[in-house]
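**Student:** based on what follows, work out the 3D shape:
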Amino acid sequence: MYTRQEDIERLESSLGAPVVAQMTYEISRGEFDMVKSSMRNGRAHDVTMFIRKHDDHDCIAVIRKPFFPPGVFRAPSGAANNGESLANGAVRESKEETGLDVELTRYVARIDARFTCSDDLIEWMSHVLEARQLAGRICPIDTHEIAEARWATLAELQGPMRQALLDTDAGLFRYRVALHDLTVAELMEVAP
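**Tutor:** Numbering: from 1, shown residues only. Prediction:
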C-alpha cells in the first residue's frame with residue numbers, strides 16, 4: 001500500500017484520531033476484478049468524504065457512478081495519488097467528484113477491510129473524513145467517473161439510499177452501507 005504510516009499519523013494529528021474498525025465482505029468475481037484493477041502502483045486504500053452542506057448541516061454530498069443501478073448513491077470516494085497526502089487527495093477527489101471546494105474537519109473512521117472471492121483476498125483500507133463545503137455548486141467535474149452528484153439528507157442516506165444499495169445484493173455496496181452506518185453513527189454522536 002503506498003499510503004505510509006506517516007500519512008495516517010499526519011491526518012490524525014490534524015483531524016483527530018478516528019474510530020478503527022475491521023470488516024470482511026465476500027464479493028463477486030466481477031467486483032474483485034474491479035477492485036484489483038484499481039490497485040495500480042500498490043494502491044490499497046480509498047478516502048471517503050462526508051461533505052456537509054454549508055447552510056444545512058444535515059445534508060451531505062452523494063454521488064452516482066455511470067454503472068450504478070438507478071437510485072443508487074453513496075458518499076464520494078477516491079484515492080490519494082502516490083506521493084500525495086491523504087488530506088490533499090481527499091480535497092482533490094471532493095472537487096473532482098462533486099465540484100465543491102471543501103475543508104476537512106474530522107478523521108471519522110479508518111476501516112481495515114478484507115474483500116474475499118473464493119480463496120482470493122484483497123486487504124484494503126478506507127479513510128473516512130468529514131468535510132464542510134466552502135464554495136462551489138454541486139456538479140461533478142469528472143463526468144467520465146461520476147454520472148451525478150447531489151445533496152441528500154442523512155435520513156435519505158440511511159433510508160431509501162441505504163435500501164437501494166442493499167437491493168443490488170453486491171458485496172461492495174453492502175460494504176458501503178456498513179461504512180455509511182458506522183460514519184453516520186459517529187457523526188450523530190458529535191452533532192453540531
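**Student:** which residue is nearest the centroid of this structure?
**Tutor:** Thr48 (2.3 Å; CA atoms, centre = their mean).
**Student:** shouldn't that residue be within a helix?
**Tutor:** No. Counting by DSSP: H, G, I helix; E, B strand; the rest coil, one finds Thr48 to be strand, located in no helix.
**Student:** list the contacts for it?
**Tutor:** Ala75, Pro76, Ser77, Ser126, His127, Val128, Leu129, Leu179, Thr183 (CB atoms under 8 Å, 6 or more residues apart in numbering). From N, CA and C alone the C-beta is placed, and that goes for glycine too.
**Student:** how close does the residue in the chain sticking out farthest from the centre get to Ile141?
**Tutor:** Distance from the C-alpha centroid of the chain, by CA atoms, centre = their mean, peaks at Asp119 (26.2 Å). Per CB to CB, to the nearest Å, Asp119 is found 40 Å from Ile141.
**Student:** average pLDDT for the helix or strand containing Asp58?
**Tutor:** Using DSSP states H and E, Asp58 falls within strand 56-64. The average pLDDT within strand 56-64 is 96.
**Student:** name the residues that touch that strand?
**Tutor:** So strand 56-64 is contacted by 49-53, 72-76, 94, 97-98, 100, 133, 138, 140, 146-155, 157, 161, 192 (CB under 8 Å, 6+ apart).
**Student:** what's the ChimeraX syntax to select whichever of these are buried?
**Tutor:** Selection command for ChimeraX covering only the buried members of these, criterion 16 or more other CB atoms under 10 Å:
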select :49,50,51,52,53,72,73,74,75,76,94,97,98,100,133,138,140,146,149,151,152,154,157,161
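**Student:** which residues touch Leu11?
**Tutor:** With CB under 8 Å, 6+ apart, Leu11 has these contacts: Ser85, Leu86, Ala87, Tyr107, His127, Leu129.
**Student:** hmm, try it at 10 Å
**Tutor:** For Leu11, the contact set (CB atoms under 10 Å, 6 or more residues apart in numbering) comprises 3, 17-18, 47, 85-87, 90, 104, 107, 110, 127, 129.
**Student:** phi, psi for Asp167 please.
**Tutor:** Phi and psi for Asp167, reported as degrees, to the nearest 10, are phi -60, psi -20.
**Student:** over to the one 3 residues further on?
**Tutor:** Backbone torsions of Ala170, given as degrees, to the nearest 10, read phi -90, psi 140.
**Student:** angle of the lengthiest helix in the chain against strand 56-64?
**Tutor:** The single longest helix within the chain, with elements called by DSSP state H, is helix 171-189. Orientation note: helix 171-189 sits at an angle of 170 degrees relative to strand 56-64 (axes from the mean of the first three to the mean of the last three CA atoms, to 10 degrees).
**Student:** all set now, cheers.
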